[in-house]
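Participant: sequence unknown, structure follows:
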């Protein structure tokens, strides 16, 4: 058996290894040449660009007011790109007045029309770039072109269109998105869709209701989530129908939304949702009850302190510490629950709110708690350790009336 | 004897060729993926993500052990990170210096009581602190367990966000690093369970108040060569593996994970030497067993800068530890090998790691020995052998220059011409004698592991303060 090197040598080394060496060296040389040429080109390009940007910046007001005729820069691609980039950057930081001025300039100079044309007629990355630019302007006339791009075959283009529509934040864009998901189903990942819809539906959340009712499966959950984010008290009765929905996301959305509703309407619904079998539904219900800040929610919040899910316990504790006037009776009830995890969650919330000193002082000054029991409670507060069972009475647990004794 | 040498020559030839071709394939994949990523970034205005109402909160876990010199600056910088909802948990891992005191003074920490539930195993916690000036900053003071994994687990127990990001206390993050690393998650939160960020070499760069002002090449050769290594490993290796959803390592210096999943697999394995790779391997195992449709992604944008060892002794220790960690993870997950249940991880990624990463130092050493012996015994053409060496050298430089090209056409962080010239020139110099030394360090690591030395040895670093002063 001959060596592999010998075999290759006999196969004609000049045709193999030698050529391989040459190819590798040539590849090295080409890579190096590419790097250095690219660097040289870019250095010159950016030097020229910087100089031009500086010139435009100096005459920016004259430029966007039209005192400098648009034709002077529009016909040169290099200049047009710079002006557009400057204007789009300005949009990001502009207030309503400045935005209106910039939009007027974009319209008058034809830049928006050009981007709409590109968004409707180009393909691939170039279309995507046009969509991003349109989104950055937040121009309502761009909504139609952006909506058309939602039907593009490429996911990236659809995402760019969706984000662009989200940026416009107008109900018209929401209608376009909802019509599209209604007809084509879920063609993009959930999160960008949710974000875009939240941005667009904030003004008119009722737009969502018919679509949530009609939609099925994952799409229904997503729309429900959006509804939960944008819901207003005005939607209170409409939202009650989702409390018993089969989709956990919808129930969670209802819980989220009920927090915005009138507390007389929301309390019972949220108390029911706080017993849900799904942890995040319970979580949303507890957060909602916390937001309502209604003392009638205390028994539910105290029960949630013993929840099997850590996040639910944390949120319940955070909600409980909001009731500053009733810290002592609440703390007493928490200790009487005899749940170590619940106690830890409550003490964490007390510490995070920097309320330990206040609670300690209130406990010491409280005349309604007997001496020994007061000592036990103070020790619990100081050590975080659960007291022995016989040192506590078990009365009044989960008794809201007791809290206000 | 001669027959043995001939067989081994055959083996090593094909091994070498396969290894280089695999890297070439990865280079081509990475170039394509990076180009796509750059295009995609054009439609991702990062500030849009920041304004998105659904952007999930993140808990940043920062294990710190004897970091008194730089902890103030580092945490101040982390607090300035651009992200809408951020919680920072610093875990003081039994520091024997003034790390905790420095934190207490700088951030006005007050002690919290009885709030810690150890759902994931970790060494005892001595105390918990919260800042009075930054409500999102928490410090856990715990007993040292001798490894970073334990400290991260303690942080994990206190984390309240759906995502955790693990950051080394001595790393420098760019202001928008969290937004960038979250992009894959924000795009597809249901499928993306973990994202690895790129780690770049900080040595030589200019820092002001712990923040990167200007990226420069390090002055020392040993550091400069590591720049090439990092570029090759991250911009080619990880980029390509992630493309096929086969990423088996997310750097311990910077990575984001879904909190519930990390908890579900029991957190970091404290006994592991390569805890970062171990976690990703167990994550793959967990998801594959459940038959879940999931992704572990990589983001190549420059984000995290870390100090690389600047002396041979420290570098040797680090590389030996990495090799030990690799062996430890591969050995403890050996049941995944060639099992269709674990998909491409078990059938492709792990076999590759065994063959071309773990065995590489052994194969290289044996290869060199047998080829030299064969040449001495006149059973191979010395002329051909020489030519083959030249080819190997030229081919290896193509891969290295390819990684520089990747940097150049995408992120271009070395702006100075001198730096680029140095970067390119080290692509030619790293093959001798650094590569051979590296091989020896890896062999040392394997040997130490086989002898039962599973200890985590510290690597000497200058620290950010000294880096700033340079």
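Facilitator: Cool, got the structure. Bear in mind that the values here come from a model prediction, so they are computed numbers and not experimental data.

Participant: C-alpha only now, for contacts and for neighbours.
Facilitator: Noted.

Participant: Show me where the stretch 301-405 of chain A dips below the pLDDT cut-off.
Facilitator: Judged by pLDDT under 70, the stretch 301-405 of chain A has its weakly predicted residues at A:388-405.

Participant: near chain B, which residues of it?
Facilitator: Within the stretch 301-405 of chain A, the positions near chain B by CA under 8 Å from any CA of the partner chain are A:311, A:341, A:344, A:345, A:347, A:348, A:351, A:352, A:382, A:383, A:384, A:385.

Participant: which residues of the stretch 1-150 of chain A score low on pLDDT?
Facilitator: A:1-17.

Participant: Now the residue in it positioned nearest to chain B: closest residue in space, sequence neighbours ignored.
Facilitator: The minimum distance from the stretch 1-150 of chain A to chain B, using CA to the nearest CA, falls at residue A:21 (4.6 Å). For residue A:21, ignoring the flanking residues on the chain, the nearest one in space by CA to CA, 6 or more residues apart in numbering or on different chains is residue B:391 at 4.6 Å.

Participant: what about residue 316, which SS state?
Facilitator: Just going to use chain A. helix (DSSP: H, G, I helix; E, B strand; the rest coil).

Participant: Just the element for residue B:130, please.
Facilitator: strand B:125-131 (DSSP states H and E).

Participant: do that strand and chain A meet?
Facilitator: Yes. With CA under 8 Å from any CA as the criterion, chain A is reached by strand B:125-131 at residue B:130.

Participant: That strand pairs with which strands, parallel or anti?
Facilitator: strand B:109-112 (antiparallel), strand B:137-142 (antiparallel) (DSSP bridges).

Participant: Check those strands for me and report the most buried one.
Facilitator: Neighbour counts (mean count of other CA atoms under 10 Å in any protein chain shown) averaged over each of the strands paired with strand B:125-131 peak at strand B:137-142, with a mean of 24.

Participant: Let me see the mean pLDDT of that strand.
Facilitator: On average, the pLDDT along strand B:137-142 is 95.

Participant: and that strand, how far from the chain's centre?
Facilitator: 24 Å (CA atoms, centre = their mean, to the nearest Å).

Participant: Run through who's touching that strand.
Facilitator: For strand B:137-142, contacts defined as CA atoms under 8 Å, 6 or more residues apart in numbering or on different chains pick out B:87-94, B:100, B:123-131, B:151, B:154-155.

Participant: how about residue B:406, what does it touch?
Facilitator: Here residue B:406 is in contact with B:31, B:34, B:235 (CA under 8 Å, 6+ apart).

Participant: Oh, that last question was meant for residue A:181, not what I typed.
Facilitator: With CA under 8 Å, 6+ apart, residue A:181 has these contacts: residue A:187.

Participant: where's it, which helix or strand?
Facilitator: With DSSP H and E as the criterion, the answer for residue A:181 is helix A:171-184.

Participant: what residues does the helix or strand following that helix touch?
Facilitator: Downstream of helix A:171-184, the first helix or strand assigned by DSSP H and E is helix A:190-201. Helix A:190-201 is contacted from outside by A:159, A:162-163, A:165-171, A:173-174, A:177, A:207-208, A:222-223, A:225-227, A:229-230, B:52-54, B:186-189, using CA under 8 Å, 6+ apart.

Participant: Number of residues surrounding residue 68?
Facilitator: I went with chain A, as the question did not name one. Counted with other CA atoms under 10 Å in any protein chain shown, the neighbours of residue A:68 add up to 14.

Participant: should've been chain B
Facilitator: 19.

Participant: and it, what are its phi and psi?
Facilitator: phi -60, psi -30 (degrees, to the nearest 10).

Participant: still on that earlier bit, filter the contacts of strand B:137-142 down to the buried ones.
Facilitator: The neighbour count (16 or more other CA atoms under 10 Å in any protein chain shown) marks B:87-94, B:100, B:123, B:125, B:127-131, B:151, B:154-155 as buried among the contacts of strand B:137-142.

Participant: rewinding a little: pick the one among the residues of the stretch 301-405 of chain A next to chain B closest to residue B:77.
Facilitator: Of all those, residue A:352 has the smallest distance to residue B:77: 22.7 Å, by CA to CA.

Participant: residues touching that closest one, list them.
Facilitator: B:112, B:130, B:135.

Participant: Quick check: residues of the stretch 51-200 of chain B near chain A?
Facilitator: Checking the stretch 51-200 of chain B against chain A by CA under 8 Å from any CA, the hits are B:52-54, B:112-117, B:130, B:135, B:160, B:186-189.

Participant: where do the helices sit along the stretch 151-300 of chain B?
Facilitator: B:177-187, B:221-231, B:239-243, B:259-264, B:275-289 (DSSP state H, counting those that start in this stretch).

Participant: Is it possible to get JSON lines of those helices that adds mean pLDDT?
Facilitator: Shown next, in JSON lines, are the helices of the stretch 151-300 of chain B (pLDDT from 0 to 100):
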{"stretch": "helix B:177-187", "mean pLDDT": "90"}
{"stretch": "helix B:221-231", "mean pLDDT": "95"}
{"stretch": "helix B:239-243", "mean pLDDT": "95"}
{"stretch": "helix B:259-264", "mean pLDDT": "94"}
{"stretch": "helix B:275-289", "mean pLDDT": "95"}
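
Participant: Could you export the ones you listed as a markdown table, including distance to residue B:418 and mean neighbour count?
Facilitator: Listed next are those as a markdown table, based on distance: least, CA to CA, whole Å; neighbours: other CA atoms under 10 Å in any protein chain shown:
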| stretch | distance to residue B:418 | mean neighbour count |
| --- | --- | --- |
| helix B:177-187 | 27 | 22 |
| helix B:221-231 | 13 | 21 |
| helix B:239-243 | 27 | 23 |
| helix B:259-264 | 44 | 17 |
| helix B:275-289 | 35 | 21 |
